[in-house]
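J.: just the structure for this:
(one chain, ligands or ions: 6)
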Amino acid sequence: MQLSPLQSRLAASVIASCFVIVLYLFLFAPQFAFAAELAQTPSTLEQAGSFYDDDDTTEFLDVQVPSYEPNFSLFDRSIIGRVADGAVPLDLDSPTTSNLDPGMTIAYVFEVASISGRSAQEADTTHELHISSNETPEFKRTNDLVRRQTPSRTLYVSVNTCDQPGRISPDQTSMDPPQLTLFVSTSSENTLPGPGRDEKTQNAIVFNEGAVLYNISLDSDVYFSISAPQVSAKYFTTTLPYNYEVAVSLNGYHHSYDSETQPNLYWVDSDASSSLLTTQNLTSRPEEVVPSAPYTVFVQDKKNLAINGIRKSYCGLKKWAQIRPLQNGDSQATTGLRRGGDDNLTTQEFYISGLNASTDYSGIIALNTSLSLGKRQESSSGGGMVVYNAVDFSTKPSECLQVGVLGQIILTILSDGACTFVFNLTVCTETRYAVPGNPEKFPNGTALAAFYDDYTRTMWDNFDKVLQQTPCEAPPTQKYSLVRDCDDCKQAYKNWLCSVAIPRCEDFSTPDQDYLQMRNINAPFPNGTFVDQSIRDKYGGNKAFNSSRNVEIDEAIEPGPYKEVLPCDYLCYELIKSCPASMGFACPLPNSKYGFDTSYAVPDTSKELSCNYPGSAYYPSAATSIAISWMSMVALIVVPLLLG
Ligand SMILES: *[C@@H]1O[C@H](CO)[C@@H](O)[C@H](O)[C@H]1NC(C)=O
Ligand SMILES: *[C@@H]1O[C@H](CO)[C@@H](O)[C@H](O)[C@H]1NC(C)=O
Ligand SMILES: *[C@@H]1O[C@H](CO)[C@@H](O)[C@H](O)[C@H]1NC(C)=O
Ligand SMILES: *[C@@H]1O[C@H](CO)[C@@H](O)[C@H](O)[C@H]1NC(C)=O
Ligand SMILES: *[C@@H]1O[C@H](CO)[C@@H](O)[C@H](O)[C@H]1NC(C)=O
Ligand SMILES: *[C@@H]1O[C@H](CO)[C@@H](O)[C@H](O)[C@H]1NC(C)=O
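T.: Ligands and ions are numbered 1, 2, ... in the order given. Sure, this is the predicted structure:
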């Protein structure tokens with residue numbers, strides 16, 4: 001580092017004063033001289049402060065606090081070196097795991113003396129750098145007062161339950177194993193807090209779903225204990241101990257959870273055996289790079305009780321969730337960062353495979369705060385794991401397929417139902433949802449995706465040829481519109497094409513909704529049965545019901561009956577608004593009831609999913625910001641249309 005002349009002079013004077021201090025400390029009683037000496041040093045450094053802002057000064061003050069504590073018990077303790085009998089001393093930022101039998105208690109102590117040495121050291125190195133120059137003598141005096149009065153630092157205690165006694169029979173009881181309890185005391189009268197101790201001298205906090213967070217100002221030694229309740233041998237295997245991980249830190253909780261905010265996890269779509277979940281953008285600008293995927297996902301069948309009682313515990317989920325990252329790096333959940341959407345921002349996606357059909361699942365994400373971007377990591381939490389609330393999703397039904405007859409035995413296999421999840425298309429890069437499929441003709445999503453990809457590519461290429469004949473690059477007077485250009489038209493066409501040519505599919509058994517349109521109802525299901533006769537009598541003659549939107553789908557795929565999530569109406573309005581009139585696009589208007597209702601759906605902010613658009617997912621209805629912008633856009637588009 002190059003030093004400016006001013007800085008060199010400063011450095012020289014700093015070294016000189018340090019030398020004087022060291023000599024002084026060496027010659028005289030160190031502990032008592034120390035406090036007096038530091039208060040004097042600033043006068044030799046009057047010039048230095050202008051380089052440093054107030055935050056640094058504050059930090060300096062914080063660091064000083066322990067050595068200014070007029071608390072001599074600390075001093076005594078270091079002489080006696082005594083730890084409360086039976087209590088385990090804990091080090092900062094080094095998580096410790098331990099087994100704990102039901103009915104037992106393990107006590108810990110965090111000694112304030114264990115940080116004073118370290119803080120004094122920090123102070124020695126930091127006071128040279130962080131002293132403010134514009135301290136007038138008066139200000140210095142108040143600063144001394146502040147130093148003496150500032151409450152000491154905060155100790156953050158966090159514990160996660162990793163194991164708990166197992167149920168004897170999952171069906172026998174819905175009772176969850178009882179939670180551990182954290183007892184905390186700062187009283188020298190109660191150095192072994194726990195059940196049965198004087199309640200006036202201790203705090204008892206029962207764990208919440210396998211996690212507890214506790215912060216306390218570090219004025220004196222902190223005694224705490226973790227206590228396991230007795231458990232009923234009738235319901236639980238009492239031979240299995242509890243196991244937990246405990247950590248103390250001055251920088252924030254090592255383990256924490258967030259039950260308040262909406263987790264950054266959204267269900268995109270599922271088929272009978274897989275699901276795609278995604279976060280929203282992790283960055284706000286396309287240039288920002290996310291170094292590595294910050295979230296971990298855990299998935300649990302909602303009927304499986306294995307993670308009950310430890311849903312907020314990272315180590316508990318890591319050990320017990322049905323789908324979790326495995327030791328060997330494998331998982332049924334593959335995750336990756338993806339750039340996409342209108343703004344080309346980074347999101348993290350989770351593709352979960354090997355799921356059971358027609359099953360409700362919970363997805364829980366945990367954030368490694370040291371891997372995430374932005375302010376979060378600098379704030380109170382000191383680079384630990386945050387566990388969020390669960391997000392629900394479900395899989396679609398599967399089909400029972402008859403694959404052959406062996407003597408008297410009919411061979412059947414369970415296969416994905418009518419709807420198969422596809423992703424990784426080349427034209428419709430945002431298309432990642434279940435589409436009409438046929439497990440016999442297209443046994444896997446890759447083959448089916450290739451069909452839809454080829455088909456949309458053909459339509460896209462044709463459109464591109466037509467667009468090249470319209471005057472895009474012409475001077476403004478000859479352009480078809482002053483506000484829209486060919487790029488707008490291309491984007492609008494792609495959004496529309498991908499939503500219309502690749503139907504978003506729901507199983508035929510899904511309850512009817514405004515935005516769901518029955519398709520192909522005269523065809524047999526893969527198991528050979530037909531749609532209810534009453535439905536076929538009523539709608540069987542209507543083309544919107546008895547075929548797919550595109551004949552190619554019925555001819556090449558033969559999907560059987562399904563329901564289509566209709567594309568959002570604004571995709572069509574946006575298309576005719578953005579492309580030259582000469583291209584001849586038209587949209588059915590909402591008042592021409594028939595064609596409209598079977599072709600498009602109006603976005604509905606009160607539903608998680610109310611129509612299909614590129615990037616559609618089950619967004620909680622409260623998160624209406626996107627939906628609101630649709631609504632205003634629709635209003636802007638529809639009015640001129642109606643007038644025109
Ligand atoms: C510290 O604990 C108090 C309650 O005891 C809580 O209100 C506060 O939010 C906690 N602080 C942090 C940073 O968690
Ligand atoms: C996501 O993008 C929006 C709009 O660009 C932005 O306001 C928001 O801050 C972004 N989220 C994050 C986590 O960067
Ligand atoms: C699927 O169901 C089987 C049998 O009920 C069960 O053993 C398995 O754990 C389930 N898997 C998932 C991921 O739900
Ligand atoms: C996506 O498709 C490309 C080729 O088009 C292929 O190389 C890549 O492996 C595919 N990705 C996934 C996740 O299937
Ligand atoms: C998908 O099915 C095609 C045949 O349609 C087959 O050639 C291919 O190997 C299958 N891919 C996988 C991953 O099973
Ligand atoms: C055949 O499949 C349809 C649609 O999945 C289902 O509703 C029906 O119950 C099945 N019938 C039989 C006999 O399995």
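
J.: rest of the way, CA atoms for contacts and neighbours
T.: OK.

J.: low pLDDT regions in the stretch 201-350 of the chain?
T.: For the stretch 201-350 of the chain, applying pLDDT under 70 flags no range at all.

J.: need the residues of this protein near ligand 5, please.
T.: F442, P443, N444, T446, A447 (C-alpha under 6 Å from any ligand atom).

J.: out of those, which are buried?
T.: Neighbour-count burial (16 or more other C-alpha atoms under 10 Å) applied to the residues of the chain next to ligand 5 gives F442, N444.

J.: how would you label the closest residue to ligand 6 within the stretch 401-550 of the chain: helix, strand or coil?
T.: Closest to ligand 6 within the stretch 401-550 of the chain is N527: 4.9 Å, counting by C-alpha to the nearest ligand atom. With DSSP: H, G, I helix; E, B strand; the rest coil as the basis, N527 sits in coil.

J.: surely it touches S398?
T.: No: contact between N527 and S398 fails when scored by C-alpha atoms under 8 Å: they sit 10.8 Å apart.

J.: which one of these two is surrounded by more residues?
T.: S398 (20 against 13; other C-alpha atoms under 10 Å).

J.: run a quick neighbour tally on the residue nearest to the more buried one when sequence neighbours are not counted.
T.: Of all residues not flanking S398 in the chain, G417 sits nearest, at 4.2 Å (C-alpha to C-alpha, 6 or more residues apart in numbering). G417 sits with 28 neighbouring residues when counted by other C-alpha under 10 Å.

J.: what's near enough to touch G417?
T.: D271, A272, K396, P397, S398, E399, G437, N438, P439, D507 (C-alpha atoms under 8 Å, 6 or more residues apart in numbering).

J.: and what about the residue most central in space within the chain, helix, strand or coil?
T.: Among the residues of the chain, N264 comes closest to the average C-alpha position under C-alpha atoms, centre = their mean, at 3.9 Å. Following three-state DSSP, we place N264 in the coil state.

J.: then the one 3 residues further on?
T.: Taking three-state DSSP as the rule, one finds W267 in the strand state.

J.: check contacts around the nearest residue to the residue nearest to the centre of the chain once chain neighbours are set aside.
T.: Distances taken as C-alpha to C-alpha, 6+ apart put T279 closest to N264, at 5.1 Å, once the chain neighbours are dropped. When contacts are counted by C-alpha under 8 Å, 6+ apart, T279 touches N264, L265, Y266, T347, Q348, E349.

J.: CSV for those, including distance to P89?
T.: Output for the contacts of T279, formatted as CSV (distance: C-alpha to C-alpha, whole Å):
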residue, distance to P89
N264, 37
L265, 39
Y266, 42
T347, 42
Q348, 40
E349, 42
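
J.: ok, of these, which come out buried?
T.: Among the contacts of T279, those classed as buried by neighbour count (16+ other C-alpha under 10 Å) are N264, L265, Y266, T347, Q348, E349.

J.: and A228, what does it touch?
T.: Here A228 is in contact with L100, D101, P102, G103, M104, T105, Q179, L180, T181, Y242 (C-alpha under 8 Å, 6+ apart).

J.: neighbours around the closest residue to the last one other than its chain neighbours, how many?
T.: Read it as Y242. Using C-alpha to C-alpha, 6+ apart and skipping the chain neighbours, the partner closest in space to Y242 is Q164 (4.5 Å). Other residues near Q164 come to 31 when the count uses other C-alpha under 10 Å.

J.: could you check the pLDDT of Q164?
T.: What the model reports for Q164 is a pLDDT of 94.

J.: I figured it hits T237, correct?
T.: No: Q164 is not in contact with T237 according to C-alpha under 8 Å; the separation is 9.5 Å.

J.: out of the contacts of A228, grab the one that's most surrounded.
T.: Among the contacts of A228, L180 has the most neighbours (other C-alpha under 10 Å), with 28 neighbours.

J.: ok, the residue nearest to that one when sequence neighbours are not counted to F183 distance?
T.: Excluding the flanking residues, the one nearest L180 by C-alpha to C-alpha, 6+ apart is A228, at 4.9 Å. According to C-alpha to C-alpha, to the nearest Å, A228 and F183 sit 11 Å apart.

J.: for Q332, same thing?
T.: Q332 is 39 Å from F183, by C-alpha to C-alpha.

J.: these two - which one has more neighbours?
T.: Using other C-alpha under 10 Å, the more surrounded residue of Q332 and F183 is F183, with 23 against 19.

J.: what helix or strand is that one on?
T.: Here F183, judged by DSSP states H and E, is contained in strand 181-185.

J.: helices and strands around that strand, which ones?
T.: strand 203-206, strand 222-227 (3 or more C-alpha pairs under 8 Å, 6 or more residues apart in numbering; DSSP states H and E).

J.: got a list of what the residue in the stretch 301-450 of the chain that ligand 2 sits nearest to touches?
T.: Closest contact between the stretch 301-450 of the chain and ligand 2, by C-alpha to the nearest ligand atom, is at D343 (7.1 Å). The contact partners of D343, taken as C-alpha under 8 Å, 6+ apart, are R285, P286.

J.: in the chain, what helix or strand scores lowest on average pLDDT?
T.: Least confident helix or strand, the chain: helix 54-68 with a mean of 33, by mean pLDDT, DSSP states H and E.

J.: Y235 contacts S169, correct?
T.: Yes: in this structure, Y235 is within contact of S169 by C-alpha under 8 Å, at 7.5 Å.

J.: any idea how far R338 is from the residue lying closest to F508 once chain neighbours are set aside?
T.: Nearest residue to F508, sequence neighbours excluded (C-alpha to C-alpha, 6+ apart): Y562, at 4.5 Å. From Y562 over to R338 the distance is 30 Å, taken as C-alpha to C-alpha.

J.: so the two - more neighbours on which side?
T.: Of the pair Y562 and R338, Y562 is the one with more neighbours under other C-alpha under 10 Å, namely 29 against 15.

J.: show the pLDDT at the more buried one.
T.: Looking at Y562, its pLDDT is 94.

J.: run through the bridge partners of it.
T.: R519 (DSSP bridges).

J.: check contacts around it.
T.: Counting by C-alpha under 8 Å, 6+ apart, Y562 has contacts A418, C419, P436, C505, E506, D507, F508, M518, R519, N520, I521.

J.: and the last one, what pLDDT?
T.: Which is I521. I521 is given a pLDDT of 94.

J.: what number of residues lie near it?
T.: For I521, the count of nearby residues is 27 (other C-alpha under 10 Å).

J.: that one touches P559, doesn't it?
T.: No: between I521 and P559 there is no contact, the gap being 10.3 Å when judged by C-alpha under 8 Å.

J.: show me which residues of this protein are close to ligand 3?
T.: With C-alpha under 6 Å from any ligand atom as the criterion, the chain comes near ligand 3 at residues D301, G354, L355, N356.

J.: restricted to strands, list those residues.
T.: Counting by DSSP state E, the part of these found in strands is D301.

J.: what is the nearest of the residues of the chain next to ligand 3 to ligand 6?
T.: Relative to ligand 6, and with distances defined as C-alpha to the nearest ligand atom, the nearest of these is N356, at 15.1 Å.

J.: make sure that closest one is actually in contact with D271.
T.: No: counting by C-alpha under 8 Å, N356 does not reach D271; the two are 9.8 Å apart.

J.: since that was my last question, I'll sign off now.
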